[in-house]
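Just to be clear, the model below is a prediction. Sequence and coordinates:
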Amino acid sequence: MASTLPILCLEEIFENLRDDLASLFSCVKLNRHWCKIAIKYLWCNPFRETTNGNILYSIKLMGLDDKKPLFPYFDYIREINYPILLSITNDYWNSKMILELIINRNNTRIIRLNIDQYKQCQHDDNDFQYLEINWMKFFDLPAASNSLSQLYSLTICNQNANEILEAIDNRFCPNLISELKIMIYPNRGDWDFDPRILEQVAMDINRLNSWIELRRFTVQFGNEIEEDALFGSDNFLLKLANCLPPVIMDSLCLAGPFAFSSENLETFFNITKTSFIKISLPRSTLIWDSVLEAFAKNTKGVLKELDIPLASKISMDALSKAKLAIPYINAPVLKEDPSWITNIFSDEENDFDDYDFDYGEEQFDDENRGSWSDDNKDDFFGAWK
């Protein structure tokens, strides 16, 4: 019965299973009818990590012999992680290079091909929609420029941002790109973060005001950058005000230890022609009442969500007033009645649904944040002294 399902039904099933690699692989093995359709979903992003890689990806595409593969696996790929490509390429300056794509920690080989021989980047149906480029030169790949006509999501890093954004402007149409993420890492060999890196990123993104379809913009710092307050945050914010396109953006996420003054935040909203539905500052801890008030005063009638899960300097009164202007604010809330605190650290199961207290997962992740220091405990319990 399952083998006679219409193609549209199967496509709906596989679309819902897109992130479930084990189930997709089971569907591939069911019969020819299911395999023909499911294989496209299984191979749309072969760079996803999986703990069962040795089982899931026993298929190999040998691109260097005369045997034609059963399916055009490479044509199904819609997401490419170039760091993985580069990390296992012996000589990426050689146009006749052999690429072995590695999917997971078990180093399972899933694809082997000769880009120069097959020119598969030029296939009419093989337009990448998502591209992650960190540390390297994607555009040295043969026919790379022919593969990005449908690109809508781009992830780059500060060390190649200028090169990539310039190439996008000069060689492609950036009007299709709706999502841009810039990863920021310290210079190689440096132990401390150089604030000039942030200045360079601000210069690199000057051209974004022409990206009229940009809807989600993220600046994300690597985990190795551990500053509590980032020097140069305000300057970066003011330069950003002139860079973003005059559109309504779904999301602005500044995922780093940014620390903005309320005055410069006001100036940012006065200068920028961009409106935001959601603003996220997931790693900012130094957010005061005045900063929250600046957000609330400058919603432009559009801002619906503010995410500041690690903010530590906000009063209940300021938060209540801000929620009149911004419907949803994810921020720590300390209850006026401290009686419930005695149950937090007990062994009994507690239902916290009635509490708005939220310090974010990172506060309690010992591997990432370490255990609470005495200062943390003083700040935590000090609200009831």
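Sure, I can see it.

Please enumerate the helices of the stretch 101-250 of the chain.
For the stretch 101-250 of the chain, the helices defined by DSSP state H, counting those that start in this stretch occupy 115-118, 161-171, 196-204, 233-241.

quick one, which of these is packed in tightest?
helix 233-241 (a mean of 19; mean count of other C-beta atoms under 10 Å). C-beta coordinates here come from the backbone N, C-alpha and C atoms, glycine included.

rewinding a little: rank the helices of the stretch 101-250 of the chain by pLDDT, which is bottom?
Among the helices of the stretch 101-250 of the chain, helix 115-118 carries the lowest mean pLDDT, at a mean of 33.

mind checking how far residue 25 is from residue 35?
Shown here: residue 25 relative to residue 35, a distance of 10 Å by C-beta to C-beta, to the nearest Å.

Neighbour count for those two, which is higher?
Neighbour count, other C-beta atoms under 10 Å: between residue 25 and residue 35, residue 25 has more, with 20 against 15.

you'd agree that one is up against residue 43?
No - Residue 25 is not in contact with residue 43 according to C-beta atoms under 8 Å; the separation is 10.9 Å.

contacting residues around residue 251?
Taking C-beta atoms under 8 Å, 6 or more residues apart in numbering, we find residue 251 in contact with 215-218, 276-280.

As a markdown table, those residues with distance to residue 251 would be great.
Below are the contacts of residue 251 laid out as a markdown table (distance: C-beta to C-beta, whole Å):
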| residue | distance to residue 251 |
| --- | --- |
| 215 | 7 |
| 216 | 5 |
| 217 | 7 |
| 218 | 8 |
| 276 | 7 |
| 277 | 7 |
| 278 | 5 |
| 279 | 8 |
| 280 | 7 |
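
If any of these are buried, give me the ChimeraX selection for them.
This is the ChimeraX syntax for the buried subset of these, where burial follows 16 or more other C-beta atoms under 10 Å:
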select :215,216,217,218,276,278,279,280
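
Quick check: bridge partners of residue 221?
In this entry, residue 221 is beta-bridged to residue 184, by DSSP bridges.

quick revisit: which among the helices of the stretch 101-250 of the chain is found nearest to residue 9?
Closest of these to residue 9 is helix 115-118, at 33.7 Å (criterion: C-beta to C-beta).

hmm, back to that, of the contacts of residue 251, closest to residue 153?
Out of these, the member with the shortest distance to residue 153 (by C-beta to C-beta) is residue 216, at 8.4 Å.
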